[in-house]
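*Asks:* okay, predicted coordinates and the sequence, questions at the end:
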Amino acid sequence: MVTAMLFAGGVGRRMKSSDTPKQFLNVAGKPIIIRTMEHFENHKDVDDIVIACKEDWIDYLNELIERFKIKKVRAVIPGGSTGYESIHNGVMETAKVAKKPDDLILICDGVRPMLSKKLISDCIELAGKYGTAVPVTPSIDSLLYSEDGEVCGKSYQRSTMYITQAPQGYTMEKILWAHSEAEKRGITNPVSSSELFIELGEKVRLFMGERTNIKVTTPEDMETLRASFFYKHFKMFAEEELGKEQ
């Protein structure tokens, strides 16, 4: 069994949208969360979807799920006050349906509307083989370290730096162990599941992600996303018109 667990409990302060959390902003007629969900809905190897959502937006999300005919959603539950708490709540809910140790969970933020079928397939394949699967892209920029944001005395070799993406795939056995150990050791707010494993002294399996798989976080990301959809629709229109002429 493969369950996609989406966490969408944040308010998106960096988006500077005061009224609407970023996951519910519309792009080309659909909320971002729905566009993210549809990639898992339409993937033949994904069985269920579990969503950890900002609690006061759950009713609206359920309306969207019905309106856009997302059939694989097994549960929509309240998220937490941090991203990790939302992931934890989603993992625990997923464990109610994914009961076998080798069942897979694909953990993904709800603001990844440009996921590809191949990326999801690669994640499922490698998580099934290695127990962990984390998509990354090589860093194309030089990296400097600074504690105060003003003075730097350390740099990192760019060729060894990678940017993490989602979905991140894990067997239920591994992810439940990690969350149990985090509670025992007092680890309360890792940035991502892969960082939790690393903090616990474990290694995770990396695979090549896609630069187009953006996480919508800032107004600039929204501009990129809207431009991408505009180009896609313009290209389809142009190809249709060209076909008529021929």
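*Replies:* Looks like it arrived, so ask away. Numbers count the residues shown, from 1 in each chain.

*Asks:* C-alpha only now, for contacts and for neighbours.
*Replies:* Fine.

*Asks:* now residue 51: which helix or strand?
*Replies:* Applying DSSP states H and E as the criterion places residue 51 in strand 48-53.

*Asks:* and that strand, which strands flank it?
*Replies:* strand 2-8 (parallel), strand 73-78 (parallel) (DSSP bridges).

*Asks:* of all the ones you listed, which one is nearest residue 171?
*Replies:* Smallest distance to residue 171 across those (CA to CA): 9.2 Å, for strand 2-8.

*Asks:* residue 22 reaches residue 215, doesn't it?
*Replies:* No - counting by CA atoms under 8 Å, residue 22 stays clear of residue 215, with 10.7 Å between them.

*Asks:* more neighbours: those two, which one.
*Replies:* For residue 22 versus residue 215, the count of surrounding residues by other CA atoms under 10 Å is larger for residue 22: 27 against 18.

*Asks:* quick check on the more buried one: phi, psi?
*Replies:* Per-residue torsions, residue 22: phi -60, psi -30 (degrees, to the nearest 10).

*Asks:* repeat for residue 169
*Replies:* phi -110, psi 140.

*Asks:* ok, what's across the strand from it?
*Replies:* Applying DSSP bridges, one finds that residue 169 bridges with residue 106, residue 133.

*Asks:* residues in contact with it?
*Replies:* 104, 105, 106, 107, 123, 124, 126, 127, 131, 132, 133, 134 (CA atoms under 8 Å, 6 or more residues apart in numbering).

*Asks:* quick one, what contacts the residue nearest to residue 102 when sequence neighbours are not counted?
*Replies:* Of all residues not flanking residue 102 in the chain, residue 171 sits nearest, at 5.2 Å (CA to CA, 6 or more residues apart in numbering). Residues near residue 171 by CA under 8 Å, 6+ apart: 101, 102, 103, 104, 105, 127, 128, 131, 132.
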